[in-house]
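> Need a 3D model of the sequence below.
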Amino acid sequence: MYGQDADQVRKQAMSLTREQAAQRVEKLVPELIRHNRLYHVEATPEIDDRSYDLLYRELELLESRFPDLVRDDSPTLRVGDEPVPELTPFAHRTPMLSLSNAFSADELRDFDARLKRILGDGAPEHITYSVEPKLDGLALNLVYEHGELIAGGTRGDGSIGEDVTHNVRTIRAIPERLAGEGLPSRISIRGEVFFPLDGFLRMNDIRSQRGDKPFENPRNAAAGTLRQLDPRVAAERPLTFLAYALGEVEGALMPGTHTAQIATVGAWGMPVNHALNRTVEGIEAVIDAIAELGEKRETLPYEIDGAVVKVDNLAQQDELGFVTRSPRWAIAFKYPPPRVHTVLENVGFQVGRTGAITPVAWLAPARVGGVTVSRATLHNEDQVRRLDLRVGDTVAIERSGDVIPKVVHVVPDEGHASRPEVAFPETCPECDHPVVREEGQAVLRCPNALSCPAQVRAAVRFFGSRRAMDIDGLGEKLVDQLVDTGLVKRVSDLYTLTVHDLTMLDRMGKRSAEKLIEAIARSKERNLERALAALGIPEVGESTARDVARHFHSLDAIIAASEEELVAVEGVGSIVAGKLRAFFDDPSQLAEVQRLRELGVAFPDIPEPDADAPTGDSPVAGKVFVLTGTLPTMARNDAKKLIEAAGGKVTGSVSAKTDFLVAGEAAGSKLAKATKLGVPVIDEAGLLQMLG
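You can find the predicted model right below:
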C-alpha cells in the first residue's frame, strides 16, 4: 500500500542514542511549532502536509523511546495554535482534538491490535469502524440551540478558537435552523469548511480578470475566507461544509453509534458525506475501503488528503478514551501526495526579502491534486544538481494541497544527457549585483539589500504589515507601484511620501492618499519591539524582538550590545545574536535606521523598572507567569497582555523559574508539572486580584 517514507523515519528514530535523540528533539520541537503556526494561524505553510506529518511522527517516536525528553512546549501535547487576535475568542465546551496519523496498512493493523488490547476480554473479533474521507479544508464547530444556529468557531488550539459566526452565516450549505424530531436543546456539530474545486477555479478566474492575485490552493483560501472580518467577502466566495462529528449534546438522547449520529444530523438538514462514508467490520475491510477511496481521489469534486478511521460504537469510544492530543479510538490515514509527469520548460530565479535567490521550475501546465500547476519550487542549487535537472526533461511533480508543487525526480530518457545543465546566475536577476554563497550555506544570496528592487518590495511589504508597523492601506499592489515608479527606493522613503506623490499612482484618489499618509504618520509611534521587528533582521521575529527590546530598553543599547551581551538575552542564541550584530555592524543598514529616526520614527525607549520601588506595590512586576486551560471570562492572549502591561512576563512552559501558573478549566500537563515543582497555582480571580 503506502508508507515507505514513514518506515525510513521509524528506522532512523529507532537507531539514535539518547544523546542524539535529545539533540534531534531540540531541533524538531521549534521547527514543528513554527510550521504549525504557519499552517493554522498565518495560512502560509512552507512544507506540505506529509512532510509535516513525518517530522511529527519522528518526534513522537523519539518521545516514546525517551519520555524524559518530552518538552512542555512539544507539539505532541497540543492540537493547533492560538487564534488570530482580530477575532473574538470562541471557547469549545468539548475540546476539538486532532488525530494521530497512519501511513501504511501495517500501522492500521497495529492501531486495531492496540484497541483490542485496551478493550480486553470485551473486545469483539472484528471491531466495527467508520471510514470517511479526510477533507482538506478548515475544521469548524457549529453550535445550535433548540435547532437554531447561534455560533460558529474555528478549532484554534482545541480549547479556544476564533468566533467566525458572521462568516458561517454566509455559507449556504450550513442551515440556519435544523428541522426534524427530537432536536437537542443544545448541540455542537463539527465538520470541515472547504472549496469545491470547480468553485475555487471559477473564483480564481474572476480574481485574475479583476487584476487580483489568484489564491494558491483551496485549503488556504478557505482558511483565509473564514477569518475575514467583513462577511461580505465570505458571501462572495463559494465555500461549503460537510459535518463529520458531534461535540456536546444537551437535552436529547442520541443513537449509540457514530454512523447513526451522523445520519441523524443529516436527517435534520446538516450536510454529511453520505456518498463516501463507509461502515465496515474489521481492520482488513478498513484497509480495503481506504484503498477504494484512494482510487477515487483524483475524480472527486474537492480535495482530500487521507481517510479518517473511527470506532463506530460510542460505548467502546468512551472505554478507549483519550491521550493528551487525540482520541485513542480514531486515526487518520494519510495518502502520499499525488504525482504526475510533465515537461520542465525552463528554470527561473526569484529574489526574496532576505536576498535569497530561489530557482523555480517553469513547467508545461499539468493537473496535480485537482489544480492545474505550471510552477514548482526547486529550493536551491544543491537540489537542482542532485536531481540533475535539464531544461526539456520530463519530471515527476507532486503537490500535497497546501503549497506549490515540487519536482521529485527526472524521468529518464535517451535525450537527458545531451541537454544543457541549469546555469545559475552570477549576478542578481533583479539588480545585477554580484551574488554570494556563504560558506556552509546552500542558498545563493544578493547582498544588495537596500537597493535590490525585489528585496526593497518585500522589505516594504513586511515593514508595513500588521505584525510590524501596521500601516493600514499599504497593500502589495501599492508597494509594487511605489517601488517600480521610484518613489520608494528604501523603507525610509515611506516617510517622505506626500499626498501629491500618491495621487499620481493608478487607482489612488486624494482621500485614499490622505488616509495612507495618516497611517504612515501614526506608525512613527509604534513601540520599540514592533519597530525592531519591522527592520526585517534575519532570524529576528516578533518574540525575539520583544525579548531583546525589553532586555535592553532602548535602540541605542541594542545597537551598542556585544554579541556576548545579546546571547545573554533569554531566547537569543549565538546564531540570532550574530545576525543582530551583523545587521547593526553594516554601515548601510545603520544609516537606514538613523534615517528612519531622523524622519520621525520614534523607536521609543522602554522605561526601566524602578529598582527602589517597594516590591509590594507591584506584585506582578518582574514575575514569570504561565497560562493554561480555559479562563472563565477572558482569552489567554488578553490575560497575557494584562500581565505584560503590569511588568510581568508570560512564557509558554513551566520551569523552576516560573513564579505563578494561572490555571483555567481543562488545565493539563502544565498544571501537573507546576504541582510537581511546587509552583504556586492561581485562577483567573487570583490573577485579577494581583493585577488590581
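
> A helix includes residue 8, no?
Yes - membership of residue 8 in a helix is supported by DSSP: H, G, I helix; E, B strand; the rest coil.

> Start at 49, not 1
Fine by me, first position is 49 from now on; the one you just mentioned is residue 56.

> That one: neighbour count?
Residue 56: 11 surrounding residues under other Cβ atoms under 10 Å. For the C-beta atoms, the positions are set from N, CA and C on the backbone; glycine is no exception.

> Low-confidence regions, the stretch 399-548 of the chain specifically.
Within the stretch 399-548 of the chain, the ranges that satisfy pLDDT under 70 run 417-419, 448-452.

> just the helices in it please.
Along the stretch 399-548 of the chain, counting by DSSP state H, counting those that start in this stretch, helices occupy 429-435, 501-511, 524-532, 547-551.

> so how far is residue 566 from residue 560?
Counting by Cβ to Cβ, to the nearest Å, the separation of residue 560 from residue 566 is 11 Å.

> what about these two, which has more around it?
More crowded of residue 560 and residue 566, by other Cβ under 10 Å: residue 560, with 16 against 13.

> OK, contacts around residue 282?
Neighbouring residues of residue 282 by Cβ atoms under 8 Å, 6 or more residues apart in numbering: 215, 218, 219, 273, 274, 276.

> Can you tell me which of the helices of the stretch 399-548 of the chain is nearest to residue 400?
Proximity to residue 400 (Cβ to Cβ) singles out helix 501-511 among the helices of the stretch 399-548 of the chain, at 6.3 Å.

> Just the closest of the contacts of residue 282 to residue 158, please.
For these, the nearest to residue 158 is residue 274 (35.4 Å; Cβ to Cβ).

> For that closest one, give its distance to residue 501.
Plainly put, residue 274 is 35 Å away from residue 501 if you go by Cβ to Cβ.

> The residue lying closest to residue 652 once chain neighbours are set aside: neighbour count?
Distance criterion Cβ to Cβ, 6 or more residues apart in numbering; nearest residue to residue 652, sequence neighbours excluded, is residue 576 at 5.8 Å. Residue 576: 22 surrounding residues under other Cβ under 10 Å.

> Wait, residue 576 touches residue 645, no?
No - Residue 576 is not in contact with residue 645 according to Cβ atoms under 8 Å; the separation is 12.0 Å.

> Mind listing the shared neighbours of those two?
Residues touching both residue 576 and residue 645 (Cβ under 8 Å, 6+ apart): residue 651.

> export the longest helix along the chain as PDB, just CAs?
Criterion DSSP state H: the longest helix present in the chain is helix 66-88. Written as PDB, here are the backbone C-alpha positions of helix 66-88 (Å, rounded to 0.1, in the frame of the first residue of the first chain):
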ATOM      1  CA  ARG A  66      19.700   9.100  23.800                       C
ATOM      2  CA  GLU A  67      22.200  11.900  23.300                       C
ATOM      3  CA  GLN A  68      21.500  12.000  19.600                       C
ATOM      4  CA  ALA A  69      17.700  11.900  20.300                       C
ATOM      5  CA  ALA A  70      18.000  14.800  22.700                       C
ATOM      6  CA  GLN A  71      19.800  16.900  20.100                       C
ATOM      7  CA  ARG A  72      17.200  15.900  17.500                       C
ATOM      8  CA  VAL A  73      14.200  16.800  19.700                       C
ATOM      9  CA  GLU A  74      15.700  20.200  20.400                       C
ATOM     10  CA  LYS A  75      15.700  20.800  16.700                       C
ATOM     11  CA  LEU A  76      12.300  19.200  15.900                       C
ATOM     12  CA  VAL A  77      10.200  21.000  18.500                       C
ATOM     13  CA  PRO A  78      10.800  24.600  17.400                       C
ATOM     14  CA  GLU A  79      10.700  23.600  13.800                       C
ATOM     15  CA  LEU A  80       7.300  21.900  14.200                       C
ATOM     16  CA  ILE A  81       6.000  24.800  16.300                       C
ATOM     17  CA  ARG A  82       7.000  27.200  13.500                       C
ATOM     18  CA  HIS A  83       5.300  25.100  10.800                       C
ATOM     19  CA  ASN A  84       2.300  24.600  12.900                       C
ATOM     20  CA  ARG A  85       1.800  28.400  13.300                       C
ATOM     21  CA  LEU A  86       2.400  29.000   9.600                       C
ATOM     22  CA  TYR A  87      -0.300  26.400   8.800                       C
ATOM     23  CA  HIS A  88      -3.000  27.100  11.400                       C
END
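
> In terms of secondary structure, what does it contact?
Using 3 or more Cβ pairs under 8 Å, 6 or more residues apart in numbering; DSSP states H and E, the elements in contact with helix 66-88 are helix 97-113.

> quick one, the helix it packs on and helix 66-88 angle?
Interaxial angle, helix 97-113 versus helix 66-88 (axes from the mean of the first three to the mean of the last three Cα atoms, to 10 degrees): 140 degrees.

> Quick one: classify residue 251 as helix, strand or coil.
helix.

> er, residue 344 I mean
Classified using three-state DSSP, residue 344 is helix.

> got the contact list for it?
Residues in contact with residue 344 (Cβ under 8 Å, 6+ apart) are residue 324.

> What score does it have for pLDDT?
We have a pLDDT of 91 for residue 344.

> got it, and the one 10 residues further on?
According to the prediction, residue 354 has pLDDT 93.

> quick one: contacts for it?
By Cβ under 8 Å, 6+ apart, residue 354 lies in contact with 149, 181, 182, 380, 381, 382, 383.

> among those residues, which two are most distant?
For the contacts of residue 354, and using Cβ to Cβ, no pair is farther apart than 149 and 181, which are 15.2 Å apart.

> which of these two has more neighbours?
The neighbour count for residue 149 versus residue 181, taken as other Cβ under 10 Å, is higher for residue 181 (26 against 22).

> Bridge partners for the nearest residue to that one once chain neighbours are set aside, pull those for me.
Excluding its sequence neighbours, the residue lying closest to residue 181 (Cβ to Cβ, 6+ apart) is residue 352, at 4.4 Å. Residue 352 forms beta bridges with residue 183, as assigned by DSSP bridges.

> Let me know how buried residue 352 is, in neighbour terms.
Residue 352, neighbours per other Cβ under 10 Å, totals 24.

> Verify the contact between it and residue 185 for me.
No - if you go by Cβ under 8 Å, residue 352 and residue 185 don't touch, sitting 9.7 Å apart.

> what packs against the host helix or strand of residue 214?
Per DSSP states H and E, residue 214 falls inside helix 213-216. Packing partners of helix 213-216 (3+ Cβ pairs under 8 Å, 6+ apart): strand 196-202, helix 266-274, helix 279-283.

> buried sites along the last one?
In other words, helix 279-283. Within helix 279-283, the residues scored as buried using 16 or more other Cβ atoms under 10 Å are residue 282.

> How about residue 369, nearest residue that isn't a chain neighbour?
Closest to residue 369 by Cβ to Cβ, 6+ apart is residue 376, at 5.8 Å.

> which other residues reach the helix holding residue 214?
188, 190, 197-201, 222, 273-276, 279, 282.

> What's the first helix or strand after that helix?
Reading on from helix 213-216 to the C-terminus, the next helix or strand found by DSSP H and E is strand 234-242.

> Alpha carbons only: can I get that next one in CSV?
Coordinates of each C-alpha in strand 234-242 appear next as CSV, following Å, rounded to 0.1, in the frame of the first residue of the first chain:
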residue,chain,number,x,y,z
ARG,A,234,-28.0,22.4,22.6
ILE,A,235,-25.7,20.6,20.2
SER,A,236,-22.3,21.3,18.6
ILE,A,237,-21.7,19.8,15.2
ARG,A,238,-18.1,19.6,13.9
GLY,A,239,-17.1,19.5,10.3
GLU,A,240,-14.9,20.9,7.5
VAL,A,241,-15.3,24.1,5.6
PHE,A,242,-13.8,23.9,2.1
